[in-house]
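> Give me a model of this one.
(chains A, B, C and D, ligands or ions: 2)
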Amino acid sequence: MKKLIYLDHAATTATRPEVIEAMLPYFSESYGNASSVYDFASKSKNAIQHTRKIIGDALGVPEQDIYFTAGGSEADNWAIKSTAEAYRSKGNHIITSKIEHHAVLHTCQYLEKKGYEVTYLDVDEDGLIKPEDLEAAIRPDTILVTIMFANNEIGTIEPIKELGAIAHKHGVLFHTDAVQAFGQIPINADEMNIDMLSASGHKLNGPKGIGFLYIRKGLKIGPFIHGGAQERRRRAGTENVPAIVGLGKAVEIAIETMEERTAKEKELRDYLIDRIMKEIPYTRVNGSRTKRLPANVNFSFQFIEGESLLIMLDMEGICASSGSACTSGSLDPSHVLLAIGLPHEIAHGSLRLTLGEENTKEDIDFVIEQLKRIVSRLRDMSPLYEDFVKKHR
Amino acid sequence: MKKLIYLDHAATTATRPEVIEAMLPYFSESYGNASSVYDFASKSKNAIQHTRKIIGDALGVPEQDIYFTAGGSEADNWAIKSTAEAYRSKGNHIITSKIEHHAVLHTCQYLEKKGYEVTYLDVDEDGLIKPEDLEAAIRPDTILVTIMFANNEIGTIEPIKELGAIAHKHGVLFHTDAVQAFGQIPINADEMNIDMLSASGHKLNGPKGIGFLYIRKGLKIGPFIHGGAQERRRRAGTENVPAIVGLGKAVEIAIETMEERTAKEKELRDYLIDRIMKEIPYTRVNGSRTKRLPANVNFSFQFIEGESLLIMLDMEGICASSGSACTSGSLDPSHVLLAIGLPHEIAHGSLRLTLGEENTKEDIDFVIEQLKRIVSRLRDMSPLYEDFVKKHR
Amino acid sequence: MYSEKVMDHFQNPRNVGEIEEASGVGTVGNAKCGDIMRMYLDIDEETQIIREAKFKTFGCGAAVATSSMATELVKGKTVEEALKVTNKAVMEALDGLPPVKVHCSLLAEEAIHAALWDYAEKHHIKIEGLQKPKSDISEEEENEEW
Amino acid sequence: MYSEKVMDHFQNPRNVGEIEEASGVGTVGNAKCGDIMRMYLDIDEETQIIREAKFKTFGCGAAVATSSMATELVKGKTVEEALKVTNKAVMEALDGLPPVKVHCSLLAEEAIHAALWDYAEKHHIKIEGLQKPKSDISEEEENEEW
Ligand SMILES: Cc1ncc(COP(=O)(O)O)c(C=O)c1O
Ligand SMILES: Cc1ncc(COP(=O)(O)O)c(C=O)c1O
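Numbering: from 1, shown residues only, chains lettered A, B, ... in the order given. Ligands and ions are numbered 1, 2, ... in the order given. As a prediction, this is how the structure comes out:
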């Protein structure tokens, strides 16, 4: 079998051995329901508190303001829908951007059907939101600004602190989807003017099916899942203790290793980008070169289509993605690439490679060679390339 | 250390070794995002389909009508809130019962605040809903009947098939919270007139944080969590592959072993009930003696209070519950016990013991001895018992 | 969830029982809330010193422990001193209580007051600073904590 | 997600390329939807037999495979026979396509028609049953499947 070169860490990651080890006792030994009164359950309770503390510390916020969810999508839905509901009497206007994840976009579209008004801010060609655009969009009836911390496709890091400050200046709540950023770049939610923040375990070598929403103390946000009194009555459902424990371990390691790990990833990232740009013509890098997640690489190869590229890479054991994994199966080109101004046929030819700590320079060299071969092969097959060549002959 | 006698299987269960073993490869080996196109992800996709098939078969429904959720509470919230929304133009009346789990009750109360009308059906002293009460409650604007399959506190099994038939006769959708029943008693959703059914993995020796909602094909129920295209666009969020695999294994085993396992549990259950009723005076059994979950025992010991009892049992290594684990921390007596007509002070003195396959007759004998001692000790301390004795002397 | 002191006083409650022909008896709380405390006091009429205190309690672990501690705290004190045994004092003596159980300590304070009130009524005396106790400490509204 | 046949025709596409001075060339699809197919036919004017077929395709795996299969299917056929090569025939020859990719086979059918139309126009002949092909097979609305 071919060696697997996994370059889709933004889609999901392997759960770390240390994380699995931390979780295991909570499946079959300390399996007690954290809400029970007997002593046996106190291990579950303590384990949950331990993770809460790790995350609170990581974000520089009080641990009791961390609420566990089943993942990033639930956290996004919760933050947006419950804010919309809780602050309805103040207004019905929400501001977001054109490059949000579907968990935010589709939630906003849902709210539009329910009578809310949503402004989708444009981004520049790097995917950056202009603070003055936010400032201009805020209205007296604006109740929420939700802007992602970093984009999942093109890796662009938004000026969150500045955007949050603008929202606050106008007395508007500020939520950020930090699913791609948390654990990859330093975040202090308090200093960065963040009122709510979503994150997800499986993006940082933690387990799937667990995430959290930070809700600043004092916000009137009600529960999204009603029922039992878990999570201080804000999120019902028997606590997923093993996954919460795993999340804690994953966050702990992600924060500890962040500096070293991401320095290495940045180096590989830039090496990969530089070589491809030099060695494959008619290629562009999507997303900001400077305000960029350490592990994100995103190219558009002119004249070719993404899925073909993915399948050919797959045949060489290389796992990559074209646009967002969540929307594969869909035929539309990525809304993010369209928002940064790419024409359709170029958006269709995009490739996302997201690095992880296990990727080596040898892996990347192999990927570069394969990319050169495959892109050239697909171009030879492409009527668009044929037209281009004929025109410029 | 004392031997632990776990008698709170209705709160949560240990994850079976076979289940953990089935899950493990999906944490760190086949960790691919099930929505990705590369071959590596097809293992995740197939594993999900495998579980879907197991559950569809278990319920006698098409596998594609099973949608994974993060647990029972999410499934209940989804079924009720999305039905309320989708069928709003038909009406705004919902019928449920007074003994539902908080995941249903609090969701209904939430909908009441949003302008829906909810009828909470009474139950008889065994906790049974009278079909004629349902029939009488249905109105032209009724859009949903949601009645639990079996009660989590007193173990009473409701006449679901009959209730479902009544709902259908009037063209009303029928949802059932089967979190306590699924895997414990046979359920054929199709034959039993069920349109939607909620269940949760950790109640049947599966993992926590995973459950499902069955939605009969053709219902216009929209997503509860918006975002990516997972679960045929009905439930966004990266699929929790290990937990889904674990759920599949747990359901498979629960169904296979149901007959033998529950026969043994019933025997122990009846032995425990019979001896306690004979050996501890001023005690009542809550819930139906015949229409009862195989593993559920629920007593009220007059003159004493439940928490004291729980702590004293805990000191002997016995894990039990008083009312619902989800609401411990609350000071109100159980709404279920009040609904079956118990006065407050008797409701406060209730004890739930829920058996599992690992419990032995020796365990139960030990529990009986401890209960006799503890109840007597607490009665000696009780002013209510003092008054009672003085009155009857 | 409980401190060691609370667990000790729950497992080995001091002064459980009745006092036949007590100088004063007070019962507070109600079954609806799940806590009823009855306190018996034996008071020396000359010295006003509480010679003995006993209790019976229907209630949770904290209710039993606060009753036990309250009887310990008032024993040997004069009526006047006993009146100053507040719920805070009971809580502190138990190394604290979970927030949701604070009302138990209030109940214990009320139980002392109720027994003293009964003593005062029976003996037609007036105890300085003692007000007719509420028979019922009802729950505060359960607040959302966030 | 693809059958082995599809994968084979994607990995080893038959008849990729151009035909210089082809008898007919047709390009269908559009970049918005992510699929563009161009088909070249070399047709014997006497016998009306397709001597050679080549294609170039910008698109997904299924688009490449259906183009490849379509060229294989029309080769050696008369114009009239080629006209009867439907998208169904292409799909069957590939052992099926995922539902979301069915439009690729329609595109392949259209590409054949477009090339034949071009041939007919250039040679001022009329091919019985051939209608002016749509240059663009646009996506159907993505339906909710449930
Ligand atoms: C009847 C019933 N419904 C719903 C639930 C909620 O399930 P979960 O805790 O998995 O969200 C439970 C258990 O807590 C239950 O017993
Ligand atoms: C930016 C962003 N937000 C939200 C999500 C959703 O997270 P999850 O799949 O854990 O629900 C993802 C990943 O899928 C993401 O990349």
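
> Now stretch A:276-296: buried residues?
Buried residues in stretch A:276-296, counted by 16 or more other C-beta atoms under 10 Å in any protein chain shown: A:Ile276, A:Ile280, A:Thr283, A:Val285, A:Asn286, A:Gly287, A:Ser288, A:Arg292, A:Leu293, A:Pro294, A:Ala295, A:Asn296. For glycine as for every other residue, the C-beta is placed from the backbone atoms N, C-alpha and C.

> Find the residue at the geometric middle of chain A.
By C-alpha atoms, centre = their mean, chain A has its centre lying nearest to A:Gln180, at 2.9 Å.

> pLDDT, distance to ligand 2 and secondary structure added to the buried residues of stretch A:276-296, as TSV?
What follows is the buried residues of stretch A:276-296, written out as TSV (pLDDT from 0 to 100; distance: C-beta to the nearest ligand atom, whole Å; DSSP: H, G, I helix; E, B strand; the rest coil):
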residue	pLDDT	distance to ligand 2	secondary structure
A:Ile276	98	23	helix
A:Ile280	98	27	coil
A:Thr283	97	24	strand
A:Val285	98	19	strand
A:Asn286	98	16	coil
A:Gly287	98	14	coil
A:Ser288	98	16	coil
A:Arg292	98	15	strand
A:Leu293	98	11	coil
A:Pro294	98	15	coil
A:Ala295	98	12	coil
A:Asn296	98	11	strand
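
> Closest one of those residues to B:Thr360?
Lowest distance from B:Thr360 to these (C-beta to C-beta) belongs to A:Ala295, with 53.0 Å.

> Is the helix or strand harbouring C:Lys54 positioned near chain B?
C:Lys54 is part of strand C:50-58, with elements assigned from DSSP states H and E. Yes: judged by C-beta under 8 Å from any C-beta of the partner chain, strand C:50-58 and chain B are in contact via C:Lys56, C:Thr57, C:Phe58.

> Before we move on, what's the pLDDT of the last one?
The model reports C:Phe58 with a pLDDT of 94.

> count of neighbours near it?
The number of residues packed near C:Phe58 is 28, by other C-beta atoms under 10 Å in any protein chain shown.

> List the residues that contact A:Ala41.
By C-beta atoms under 8 Å, 6 or more residues apart in numbering or on different chains, the contact list for A:Ala41 reads A:Gly32, A:Asn33, A:Ala34, A:Ser35, B:Cys319.

> Where strands are concerned, which of those residues count?
Taking DSSP state E, the ones among those that sit in strands are B:Cys319.

> Reformat the contacts of A:Ala41 as TSV; add neighbour count.
Shown next, in TSV, are those (neighbours: other C-beta atoms under 10 Å in any protein chain shown):
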residue	neighbour count
A:Gly32	25
A:Asn33	28
A:Ala34	25
A:Ser35	22
B:Cys319	24
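
> Using CSV, lay out the contacts of A:Ala41 together with pLDDT and distance to ligand 2.
Shown next, in CSV, are the contacts of A:Ala41 (pLDDT from 0 to 100; distance: C-beta to the nearest ligand atom, whole Å):
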residue, pLDDT, distance to ligand 2
A:Gly32, 96, 26
A:Asn33, 95, 24
A:Ala34, 94, 22
A:Ser35, 88, 24
B:Cys319, 97, 33
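
> so which of the contacts of A:Ala41 also contact chain D?
Okay, of the contacts of A:Ala41, nothing touches chain D (C-beta under 8 Å from any C-beta).

> sorry, back to before: which elements pack onto the strand holding C:Lys54?
helix B:383-392, strand C:35-43, helix C:61-74 (3 or more C-beta pairs under 8 Å, 6 or more residues apart in numbering or on different chains; DSSP states H and E).

> what about the residue nearest to the centre of chain A, distance to A:Ile276?
For A:Gln180, the distance to A:Ile276 (C-beta to C-beta, to the nearest Å) stands at 22 Å.

> which one of the residues of strand C:50-58 next to chain B is nearest B:Lys130?
C:Phe58 (34.0 Å).

> right, and that closest one touches B:Leu384 too?
Yes: between C:Phe58 and B:Leu384 there is a contact under C-beta atoms under 8 Å: 5.0 Å.

> in what helix or strand does the one residue in chain A that gets nearest to chain D lie?
As assessed by C-beta to the nearest C-beta, chain D sits closest to A:Glu345 within chain A, at 3.2 Å. A:Glu345 belongs to helix A:344-347 when assigned by DSSP H and E.

> follow-up on the earlier one: can you tell me which of the helices and strands packed on strand C:50-58 is packed in deepest?
Most buried of those by mean neighbour count (mean count of other C-beta atoms under 10 Å in any protein chain shown) is helix C:61-74; its value is a mean of 28.

> How far off centre is the helix or strand following that one?
Along the chain past helix C:61-74, the next helix or strand (assigned with DSSP H and E) turns out to be helix C:79-82. Centroid separation for helix C:79-82 versus its chain: 13 Å, with C-alpha atoms, centre = their mean, to the nearest Å.

> again with stretch A:308-326
19 Å.

> From B:Asp314, how far out is the residue lying closest to C:Phe55 once chain neighbours are set aside?
Closest residue to C:Phe55 apart from its sequence neighbours, by C-beta to C-beta, 6 or more residues apart in numbering or on different chains: C:Ser67 at 4.3 Å. Plainly put, C:Ser67 is 20 Å away from B:Asp314 if you go by C-beta to C-beta.

> go on, A:Tyr110?
46 Å.

> repeat for C:Pro99
21 Å.

> Same question for A:Met277.
Relative to B:Asp314, and taking C-beta to C-beta, A:Met277 is found at 66 Å.

> now do A:His348
Distance from A:His348 to B:Asp314, by C-beta to C-beta: 62 Å.

> And for C:Met1?
For C:Met1, the distance to B:Asp314 - C-beta to C-beta - is 11 Å.

> who has more neighbours, C:Pro99 and B:Asp314?
Counted by other C-beta under 10 Å, C:Pro99 and B:Asp314 do not tie: B:Asp314 has more neighbours, with 18 against 8.

> Not counting sequence-adjacent ones, nearest residue to the more buried one?
A:Tyr38 (4.1 Å).

> That neighbour: neighbour count?
A:Tyr38: 25 neighbours (other C-beta under 10 Å).

> Would you enumerate the residues in contact with it?
A:Gly32, B:Asp8, B:Leu310, B:Ile311, B:Leu313, B:Asp314, B:Ile318, B:Cys319, B:Ala320.

> Return the list of helices and strands in contact with the helix or strand that contains the third one.
Put plainly, it is B:Leu310. In this assignment (DSSP H and E), B:Leu310 forms part of helix B:306-315. On a contact count with 3+ C-beta pairs under 8 Å, 6+ apart, helix B:306-315 meets strand B:350-354, helix B:361-380, helix C:4-11, helix C:61-74.

> switch to 7 Å and redo it
Under the contact criterion of 3 or more C-beta pairs under 7 Å, 6 or more residues apart in numbering or on different chains; DSSP states H and E, helix B:306-315 touches strand B:350-354, helix B:361-380, helix C:61-74.

> picking that back up, what mean pLDDT does the helix holding A:Glu345 get?
89.

> hmm, who's touching the helix or strand of chain A with the lowest mean pLDDT?
Ranked by mean pLDDT, DSSP states H and E, the weakest helix or strand in chain A is helix A:344-347, scoring a mean of 89. Identification of contacts with helix A:344-347 by C-beta atoms under 7 Å, 6 or more residues apart in numbering or on different chains yields A:Ser300, A:Gln302, A:Pro333, A:Ser334, A:Leu337, A:Leu338, A:Leu384, D:Ala31, D:Lys32.

> Export these to CSV and append columns for distance to D:Leu41.
Formatted as CSV, the contacts of helix A:344-347 follow (distance: C-beta to C-beta, whole Å):
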residue, distance to D:Leu41
A:Ser300, 32
A:Gln302, 28
A:Pro333, 30
A:Ser334, 35
A:Leu337, 35
A:Leu338, 35
A:Leu384, 20
D:Ala31, 23
D:Lys32, 26
